[in-house]
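> Model the structure of this input:
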Amino acid sequence: MNPQEIADFLKSIKNTDIEEITYQSGNNSLYLKKTEVEPVIKINKVVKNIVEKIEEKKPELIEIKSTMVGTFVNTQSNDSSSYIKEGDIIVKGQKVGQIEAMKIIKDVLSFVEGKVVKVLVLNGQAVEYGQQLFLLERPK
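Numbering: from 1, shown residues only. Here you go, the predicted model:
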C-alpha cells in the first residue's frame, strides 16, 4: 500500500465504530487502532480537579509535641480514665497529659482548641523532646 491508499483507508473508517483492524495483502500488512488523545486530556483535567477538591477538604492537623524528655502519663492515677482520647474536643490551655522525669512532673497543655484525631503515645511510654504526642483538627 502506498501512503495515499493508507490515508484513504483511514478516512473511510474514521466515522465508523471500528476500533481495530488488520489489513493484509500479499506480503504487506497493516494494523490500525483508533485512539483519541482528547479524552485523556479531559480525564487529566477531571483528575486534577478531584485532587484539588480533596486537598481543600483535607483538615489542617496541629501537633502537640513533648516539651521535655521523660515518661508520658495520660491519667491522674491507675484507676482513672485518660485526660483525653481520640474524638475528644479540647480547648486552649486544657491539660492533655503529663511528662515525668526524675520525679519532676510537667503538665502538657494544649495551645489550641480542636478535636483529637490521633493519640500518638501510650501511657507510660518514654518520649523525646519535640516528639509528637497528639494530632488535632481545628474546628471549622
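> For this protein, which helix or strand comes out least confident on mean pLDDT?
When each helix and strand of the chain is scored by mean pLDDT, DSSP states H and E, helix 38-57 comes last, with a mean of 67.
> what's downstream of that one, the next helix or strand?
As assigned by DSSP states H and E, the chain's next helix or strand after helix 38-57 is strand 61-65.
> Would you mark the buried spots in the very next helix or strand once past that following strand?
Next along the chain after strand 61-65, taking DSSP H and E as the criterion, comes strand 70-73. Residues 70, 72, 73 are the ones in strand 70-73 that count as buried (16 or more other Cβ atoms under 10 Å). Placement of C-beta: from N, CA and C, glycine included.
> how close does the nearest residue to the last one once chain neighbours are set aside sit to residue 133?
Distances taken as Cβ to Cβ, 6 or more residues apart in numbering place residue 98 nearest to residue 73, at 4.3 Å, with adjacent residues excluded. As defined by Cβ to Cβ, to the nearest Å, residue 98 lies at a distance of 11 Å from residue 133.
> Between those two, which has more neighbouring residues?
residue 133 (21 against 17; other Cβ atoms under 10 Å).
> Correct me if wrong: that one contacts residue 108.
Yes: contact criterion Cβ atoms under 8 Å: residue 133 and residue 108 qualify, at 6.5 Å.
> anything in contact with each of these two?
64, 66, 72, 96, 97 (Cβ atoms under 8 Å, 6 or more residues apart in numbering).
> Compare those and tell me which is most surrounded.
Ranking the shared contacts of residue 133 and residue 108 using other Cβ under 10 Å puts residue 97 first, with 24 neighbours.
> The nearest residue to that one once chain neighbours are set aside is in what secondary structure piece?
Using Cβ to Cβ, 6+ apart and skipping the chain neighbours, the partner closest in space to residue 97 is residue 108 (4.4 Å). Element membership for residue 108 (DSSP H and E) is strand 104-109.
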